[in-house]
Structure formats: C-alpha cells, structure tokens
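A.B. asks: Quick one: sequence and predicted model below, then my questions.
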Protein chains: 2
Amino acid sequence: MTLEQWRARVDEIDEAIVRSLNERAECAIAIGRIKNQQHVALYQPDRERDVIERARALTTTIGGPLGPAAIARLFERIIDEARGLEIARVSEPGSDGNTGNAG
Amino acid sequence: MTLEQWRARVDEIDEAIVRSLNERAECAIAIGRIKNQQHVALYQPDRERDVIERARALTTTIGGPLGPAAIARLFERIIDEARGLEIARVSEPGSDGNTGNAG
C-alpha cells in the first residue's frame, strides 16, 4: 500500500473513532443523569479503574501495537472528557434539574 | 435503560475504540516505515493539522456531544501516541533499517 492509501485508511478509522467517542459521550451523559437522580457521586473511581483495566487487558490480548500504558493514557483522557460532559450536562433539560452531587 | 445497561454499552464501545486505536497504530507504523524508506520527515505537521481538522469537522457535523475542542484534545493525544510508535518501530525488522530522519 502507498502512503496515501494508508492515510485514507487512517481517515476511515478516525471517522469511526469520532463516532464511537461521541456515542460513548452520549452514554456518559445518560449515566450522569441517572447518578444525579439517584443522588450518587458523579465521580466513581472504582468504575474508572475498571474501565481502564478492561482497556489495558484488551490491548494486551490483541497484542497492540499500542501497549497497556499507552491505552491507559488515552482512556484517562477519554474518561476525563466524558466526566466534563457529565458535569456540564447533568442539570440540563432532560435531567431532574437537581445539580446536587452526593459526593 | 439502567445504569448497568448504559455501562455495558460503554464497555462495548470501549472495545471498539481499543480495536480502532490499535488498527490506527498499525497504519501509523506502516506510514512511518514508508516515510523512512522515502527519507521524508516522520513529523509532518500539515498532515497532523489535517487529521485534527477533519475530526473537528466531523464532530461538528455529527452534533457532538463532544465539541470540536474536546475532539481536538483527544486526537492530539492519539496522534502523539502514534508518533511514539512510528519512531520506536520504524527501524525494526520489516523496515529498511535506516533510522535516519530527513527532518
């Protein structure tokens, strides 16, 4: 394959990644609303550790080429962006309007 | 949907993201080898800007919920991890063994 063909493949993958990241973000917002309605903390470190551990295990099973440390760094950033959305969106229309956090 | 159902959906999406990130990394390694064989610079800021601009435009078209700034931050990290692999792998077996960089 030529450089341009590889880059076209990267562009396709990037489109899939952008779509997956947005679908994930929709889930995070929905989860934030449920947690808010149930008055449980938005930040749940055990769940975040599970998410990162699952991603690390999967990349190890796949055999990379991204190693577990690289995947963990990327998922920390993905979770961080999701958390920002959960906090920003939890009190928007569609939630119960309760911005309290059981923290 | 319950919290657990949303989380199960997140886990499915995360699996797809890990697979896409690794497939993207394979492409980046292949691109690094071609650039090395052609004695062109591994770091090509114009291409990186194009990748980020494409991702920003797509998330705007999709309507988020991740905004263009969030997507740009995530793709900067994805590109950074890919660049690390390109540099590390370019001179491994399968390349032409030339570690030079045309800068």
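C.D. replies: The structure has been received and is ready for your questions.

A.B. asks: contacts and neighbour counts: CA atoms only from here.
C.D. replies: Fine.

A.B. asks: Can you give me the distance of A:Glu86 to B:Gln38?
C.D. replies: Using Cα to Cα, to the nearest Å, one gets 46 Å for the distance from A:Glu86 to B:Gln38.

A.B. asks: I'd say A:Ala25 and A:Ile87 touch.
C.D. replies: No. Look at A:Ala25 against A:Ile87 with Cα atoms under 8 Å: they stay out of range, at 11.8 Å.

A.B. asks: Compare these two and say which is more crowded by neighbours.
C.D. replies: A:Ala25 (24 against 19; other Cα atoms under 10 Å in any protein chain shown).

A.B. asks: Now the more buried one: closest residue in space, sequence neighbours ignored.
C.D. replies: Distance criterion Cα to Cα, 6 or more residues apart in numbering or on different chains; nearest residue to A:Ala25, sequence neighbours excluded, is A:Ala82 at 5.6 Å.

A.B. asks: what does A:Ile78 give?
C.D. replies: Nearest to A:Ile78 is B:Leu74, by Cα to Cα, 6+ apart, at 7.0 Å.

A.B. asks: Please identify the buried residues of the one helix or strand that neighbour maps to?
C.D. replies: If you go by DSSP states H and E, B:Leu74 is part of helix B:68-89. Residues B:68, B:70-72, B:74-79, B:81-83, B:85-87, B:89 are the ones in helix B:68-89 that count as buried (16 or more other Cα atoms under 10 Å in any protein chain shown).

A.B. asks: now the angle from the lengthiest helix in chain A to helix B:3-37?
C.D. replies: Of all the segments of type helix in chain A, defined by DSSP state H, the longest one is helix A:3-37. Helix A:3-37 runs at 160 degrees relative to helix B:3-37, counting by axes from the mean of the first three to the mean of the last three Cα atoms, to 10 degrees.

A.B. asks: which strands and helices sit next to helix A:3-37?
C.D. replies: helix A:68-89, helix B:3-37, helix B:45-62 (3 or more Cα pairs under 8 Å, 6 or more residues apart in numbering or on different chains; DSSP states H and E).

A.B. asks: Dump those into JSON lines; add distance to A:Val18 as well.
C.D. replies: As requested, these are exported to JSON lines (distance: least, Cα to Cα, whole Å):
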{"stretch": "helix A:68-89", "distance to A:Val18": "11"}
{"stretch": "helix B:3-37", "distance to A:Val18": "9"}
{"stretch": "helix B:45-62", "distance to A:Val18": "7"}
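
A.B. asks: right, and those helices - which one's nearest A:Glu12?
C.D. replies: Ranking the helices and strands packed on helix A:3-37 by proximity to A:Glu12 (Cα to Cα) places helix B:3-37 first, at 9.4 Å.

A.B. asks: What mean pLDDT does the closest one get?
C.D. replies: The predicted model assigns helix B:3-37 a mean pLDDT of 96.

A.B. asks: relative orientation of it and helix A:45-62 in degrees?
C.D. replies: Using the same axes, to 10 degrees: helix B:3-37 against helix A:45-62 is 40 degrees.

A.B. asks: Relative to A:Arg33, how far out is A:Ala41?
C.D. replies: 11 Å.

A.B. asks: Which one's more surrounded, the two?
C.D. replies: Shown here are A:Ala41 and A:Arg33; by other Cα under 10 Å, A:Arg33 has more neighbours (26 against 14).
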